[in-house]
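[1] model this:
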Amino acid sequence: MSVSSQFARPPRPKSRIPYLALLVILSLTVALLLSIANGAIPLSLTEVLSGLASRFSSSALSRDEALNAAVVWDLRLARSLTAVVVGASLATCGAAMQGLFGNPLADPGLVGVSSGASLGAIAVVVLQISTFGIWTLPIGAFLAGVGTTFLIYGLAKPGRAGADSSTLLLVGIAINAISGAIAGYLTYLATTEQLQSLMFWSMGSLASAKWLTLAITIPPTIIGIWLLLVWAGQLDLLALGERQARHLGVDVTRFRRKLIFVTALLVAAAVSFNGTIGFVGLVVPHLFRLMIGPSHRLLIPFSAAGGALLMLVADLAARTLDPPNEIPIGVIMASLGGPFFLWMIRRGGRFMGQKQ
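    Numbers count the residues shown, from 1 in each chain. Sure, this is the predicted structure:
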């Protein structure tokens, strides 16, 4: 069985989908509340809810209520919502890239898109580029992500003779190595102050999450996910193969270019202020594809919600496993994603583009 046949798998019974959606929504809500409640100052559910409601109340707050409100709004909520946005961006990007390459192993981290986008952000910081003001960092990450995705697509182009999963992984290894080398050189040139700000890039962290950075990352995330939902039908056709998609009226070349820009936009939104966080785009879409089938009309929204849930849980673990220290969230995701990747390979040669 070829890799592309994984995307033609018959959909699961639709009767289970509403229950799965309800379960995901409830889990996401619980994870969000737990994320806000846990930290250096633990809060009860009542304190979390009252803290959230305090900004919409005109009544005077007691000292304890004011403290709880400050913890919820000034310390926890922006970070938790950043985890939601980053997880949704990376997971939907992974689903789109798997459709783009016709390959269930495609992931922004594995194939090098995340490292390329991070390199763009690192270059902005070290070279002190400020052309677009506060937007310079995300724009630098976006442009680097676009260039990296085009490079990967050109080197591991789907449908070309000899291009399979192993080709994509080898290209990803090379891209990650080159990006890492350039990033290492820029880090060598960085000042002590810049080194402190770049420390988390290699492992990823949500420690710098603020309302301002959240406000910058939300618009590209919403636009990117919305465009992928609009293009869900064409993604389904592309998953059947380039020739079949052309026969069914898809301008494959133009559509793939649009996908490259949107996936780069989503990756840039995720890594611009948070560093490289791997495996979200690999784990989440694959699990939901097994549960609900390959239809992107369902896979995109489920991946967005599942990615948000996974990132909330990972960030909660990063903050609470070794208090008062914080484990980089990239380490948490690598601990989960590495074994999952090995499990995918263990399941059979079809994940590596081999015939059964």
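[2] got a list of what the residue positioned nearest the centre of the chain touches?
    Taking CA atoms, centre = their mean, the centroid of the chain lies closest to L90, which sits 1.4 Å from it. L90 makes contacts with P108, L266, V267, A270, I277, V280, G281, G307, M311, as judged by CB atoms under 8 Å, 6 or more residues apart in numbering. Any C-beta I mention is one placed from the backbone N, CA and C, and that applies to glycine too.
[3] same question for T217.
    T82, V85, V86, S89, P138, A269, A270, S272, F273.
[4] hmm, try it at 7 Å
    When contacts are counted by CB atoms under 7 Å, 6 or more residues apart in numbering, T217 touches V85, A269, S272, F273.
[5] pLDDT-wise, what's the bottom of those?
    The lowest pLDDT within the contacts of T217 belongs to S272, which sits at 80.
[6] element containing the residue nearest to the centre of the chain, please.
    Here L90 sits within helix 77-101, counting by DSSP states H and E.
[7] for this structure, what helix or strand is lowest in average pLDDT?
    For the chain, counting by mean pLDDT, DSSP states H and E, helix 192-198 ranks last in confidence among helices and strands (a mean of 78).
[8] now the element after that helix, going C-ward?
    Following helix 192-198 toward the C-terminus (DSSP H and E): helix 211-230.
[9] pLDDT of that next one, averaged?
    The average pLDDT for helix 211-230 rounds to 93.
[10] for that helix, which positions count as buried?
    Buried residues in helix 211-230, counted by 16 or more other CB atoms under 10 Å: T213, L214, I216, T217, I218, P220, T221, G224, I225, L227, L228, L229.
[11] what does stretch 118-134 give?
    So for stretch 118-134, counting by 16+ other CB under 10 Å, buried means S118, L119, G120, A121, I122, A123, V124, V125, V126.
[12] my read: the second one touches A183, true?
    Yes - distance between L119 and A183: 5.2 Å, which falls inside the contact criterion (CB atoms under 7 Å).
[13] any idea how far L52 lies from W73?
    8 Å (CB to CB, to the nearest Å).
[14] apologies, that question was intended for L235.
    From L235 across to W73, the span is 38 Å (CB to CB).
[15] more neighbours, the two?
    L235 (26 against 16; other CB atoms under 10 Å).
[16] isn't that one up against S295?
    No - assessed by CB under 7 Å, L235 is found out of contact with S295, at 9.2 Å.
[17] ok so, going back, closest to L198 among the contacts of T217?
    F273 (12.3 Å; CB to CB).
[18] in what helix or strand does that closest one lie?
    With DSSP H and E as the test, F273 turns up in no helix or strand.
[19] what's the burial count for it?
    23.
[20] so who does it touch?
    By CB under 7 Å, 6+ apart, the residues touching F273 are S208, T213, T217.
[21] separation between the second one and G140?
    Distance from T213 to G140, counting by CB to CB: 15 Å.
[22] output the below-cut-off pLDDT ranges for the stretch 101-250 of the chain.
    Within the stretch 101-250 of the chain, the set of residues satisfying pLDDT under 70 comprises 157-166, 200-201.
[23] quick one, helices of it?
    113-126, 136-155, 165-189, 192-198, 211-230, 232-239, 242-247 (DSSP state H, counting those that start in this stretch).
[24] closest one to D322 among those?
    helix 192-198 (20.5 Å).
[25] and that closest one, what's buried?
    Q194, L198.
[26] next: stretch 282-292.
    So for stretch 282-292, counting by 16+ other CB under 10 Å, buried means L282, V283, V284, P285, H286, L287, F288, R289, I292.
[27] now do that stretch: everything it contacts.
    If you take CB under 7 Å, 6+ apart as the criterion, stretch 282-292 is touched by 11-12, 17, 20, 91, 94-95, 98, 104, 107, 110, 298-299, 302-303, 306-307, 310, 336-337, 340-341, 344.
[28] for the record, mean pLDDT for that stretch?
    Per-residue scores along stretch 282-292 average to 90.
[29] what would that stretch look like as CSV? C-alpha coordinates only.
    Output in CSV follows, covering the C-alpha atoms of stretch 282-292 (Å, rounded to 0.1, in the frame of the first residue of the first chain):
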residue,chain,number,x,y,z
LEU,A,282,2.5,15.2,13.0
VAL,A,283,0.7,13.7,16.0
VAL,A,284,-2.7,15.5,15.9
PRO,A,285,-3.8,15.2,12.3
HIS,A,286,-2.7,11.6,12.1
LEU,A,287,-4.7,10.6,15.2
PHE,A,288,-7.8,12.4,14.0
ARG,A,289,-7.4,10.9,10.5
LEU,A,290,-7.6,7.5,12.1
MET,A,291,-10.7,8.4,14.0
ILE,A,292,-12.8,10.5,11.5
